[in-house]
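**Q** predicted structure and sequence below. I'll ask about it afterward.
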Amino acid sequence: MKRIGILTSGGDAPGMNAAVRAVARKAMHEGLEVYGINYGFAGLVAGDIFKMSESTVGDKIQRGGTMLYSARYPQFAQEEGQLRGVEQLNKFGIEALVVIGGDGSYHGALALTRHGFNTIGLPGTIDNDIPYTDFTIGFDTAVNTVVEAVDRLRDTAASHERTFVVEVMGREAGDIALWSGVAGGAEDVIIPEHDFDVKKIASKLQSSRERGQKHAVILLAEGVMHADQFAKELAAYGDFQLRATVLGHIVRGGAPSARDRVLASQMGAYAVELLLDGKGALAVGIENNKITAHDVRTLFDAKHHAELSLYTLAEELTF
Ligand SMILES: Nc1ncnc2c1ncn2[C@@H]1O[C@H](COP(=O)(O)OP(=O)(O)O)[C@@H](O)[C@H]1O
Ligand SMILES: O=P(O)(O)OC[C@H]1O[C@](O)(COP(=O)(O)O)[C@@H](O)[C@@H]1O
Ligand SMILES: [Mg+2]
């Protein structure tokens, strides 16, 4: 193997650049040529492909977003799109690929492996919703961003004795809300993985108000419902001076945390090692602090599980 390609796909995540840099530099260190593919699978099909040098990835480790751009390109789920991608790989002499993205991107990666190009997937998403990895690249940064926002909102919550419902991204996963809730001392955390009772939440708020704490922050995962809806349901049980705040894409941007940069660097280098060993159709993860890889097909049948001990902990620490 002489030449590999890299692309980023799906939602951007902080640390994707650190992963691109690690793949490129490690591959060059091992004597490989590296080609960057812009705009994910859309750019692959369009042939938006360029040769990288070690300086292409210089001054990028600290930047959020993805220097290779990203796209959602549903046409790649069709055989026709995939064959056009294969044509481009042949044209550029690219023999194997690293795909940085989420579960959708892994399906695209597997399709290319089926067409004879070994492909390794790296989990790049803020949501932390990928099975067989304790953490995804971008999750730590996203949690830190939410915590900073919660700290700020708490100033107003305390000053005006208000209750803030803070909606955060995560698709069907509650991880961002859960970890941010624990780190930000949220009075309640509402996630899709755990049932909740609005009436109980209201009586908890009421009793802490009676004990003297008249403000609160509630972390709400987008997979449950929207913040204004939740605030409306809560308002039916009392006057909690509710305000709804949606953090949205703010949480997806910004410089990656040191943790995400290290994780991305470890995973990127490992992906190259796997390709050099002639392996493909694997998804890289970190489990119990060890970098691991699993057949990507086993991921499609598996489900990511949120760390529910944190939910219990959050409940025990706020009452
Ligand atoms: N079943 C599939 N087969 C081939 N490619 C797919 C498939 N599903 C998604 N993709 C490709 O991966 C891209 C990213 O997937 P998406 O679900 O949007 O984000 P993520 O990878 O972050 O989960 C899609 O836009 C598409 O190009
Ligand atoms: O930016 P878009 O396309 O509106 O997508 C929003 C979604 O993307 C995310 O930010 C990241 O999800 P993916 O990594 O799966 O793309 C989700 O948290 C959110 O629900
Ligand atoms: Mg996804």
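**A** Here it is on my side, so go on. Ligands and ions are numbered 1, 2, ... in the order given.

**Q** from here on, contacts and neighbour counts on C-alpha atoms
**A** OK.

**Q** and stretch 15-22 with ligand 2, contact?
**A** No: using CA under 6 Å from any ligand atom, stretch 15-22 never reaches ligand 2; the gap is at least 11.1 Å.

**Q** no wait, stretch 58-73
**A** No: using CA under 6 Å from any ligand atom, stretch 58-73 stays clear of ligand 2, coming no nearer than 7.5 Å.

**Q** so that stretch, near ligand 1 or not?
**A** Yes: using CA under 6 Å from any ligand atom, we find that stretch 58-73 touches ligand 1 at A71, R72, Y73.

**Q** compute the first-to-last residue distance for that stretch.
**A** 28 Å (CA to CA, to the nearest Å).

**Q** show me the domain layout of the chain.
**A** 3-138+256-301, 141-253 (automatic domain parsing).

**Q** who touches K51 in this structure?
**A** Contact analysis of K51 by CA atoms under 8 Å, 6 or more residues apart in numbering lists E33, V34, Y35, G36.

**Q** now neighbour count, distance to ligand 1 and pLDDT too, for the residues you listed, in TSV please.
**A** Below are the contacts of K51 laid out as TSV (neighbours: other CA atoms under 10 Å; distance: CA to the nearest ligand atom, whole Å; pLDDT from 0 to 100):
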residue	neighbour count	distance to ligand 1	pLDDT
E33	19	24	98
V34	24	21	98
Y35	21	19	99
G36	25	16	98
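
**Q** which of those lies closest to S53?
**A** Using CA to CA, V34 comes nearest to S53 of these, at 7.5 Å.

**Q** was I right about R25 contacting S55?
**A** No: applying CA atoms under 8 Å as the test, R25 and S55 come out as separate, 9.3 Å apart.

**Q** higher neighbour count, these two?
**A** R25 (26 against 11; other CA atoms under 10 Å).

**Q** is it true that the more buried one lies in a helix?
**A** Yes: per DSSP: H, G, I helix; E, B strand; the rest coil, R25 lies within a helix segment.

**Q** please tell me how far it sits from ligand 3.
**A** Going from R25 to ligand 3 by CA to the ion, to the nearest Å gives 27 Å.

**Q** tell me the pLDDT at that residue?
**A** pLDDT, R25: 98.

**Q** and the stretch 1-150 of the chain, which residues reach ligand 2?
**A** G10, G11, G102, T125, I126, D127.

**Q** name the nearest residue to the fifth one, ignoring sequence neighbours.
**A** With CA to CA, 6 or more residues apart in numbering as the measure, F139 is the residue that lies nearest to I126, at 4.2 Å, once sequence neighbours are left out.

**Q** and which of the contacts of K51 is nearest to D228?
**A** G36 (41.9 Å).

**Q** not counting residues beside it along the chain, what's closest to the closest residue to ligand 2 within the chain?
**A** Using CA to the nearest ligand atom, the closest approach of the chain to ligand 2 is made by G11 at 3.3 Å. Computed as CA to CA, 6+ apart, the closest residue to G11 that is not its neighbour in sequence is T125, at 6.6 Å.

**Q** thought that neighbour was touching G102?
**A** Yes: checked against CA under 8 Å, the pair T125 and G102 is within contact range at 5.8 Å.

**Q** who's in contact with the most far-flung residue of the chain relative to its centre?
**A** For the chain, the residue at maximal distance from the C-alpha centroid (CA atoms, centre = their mean) is E210, at 39.2 Å. Taking CA under 8 Å, 6+ apart as the definition of contact, E210 has no neighbours.
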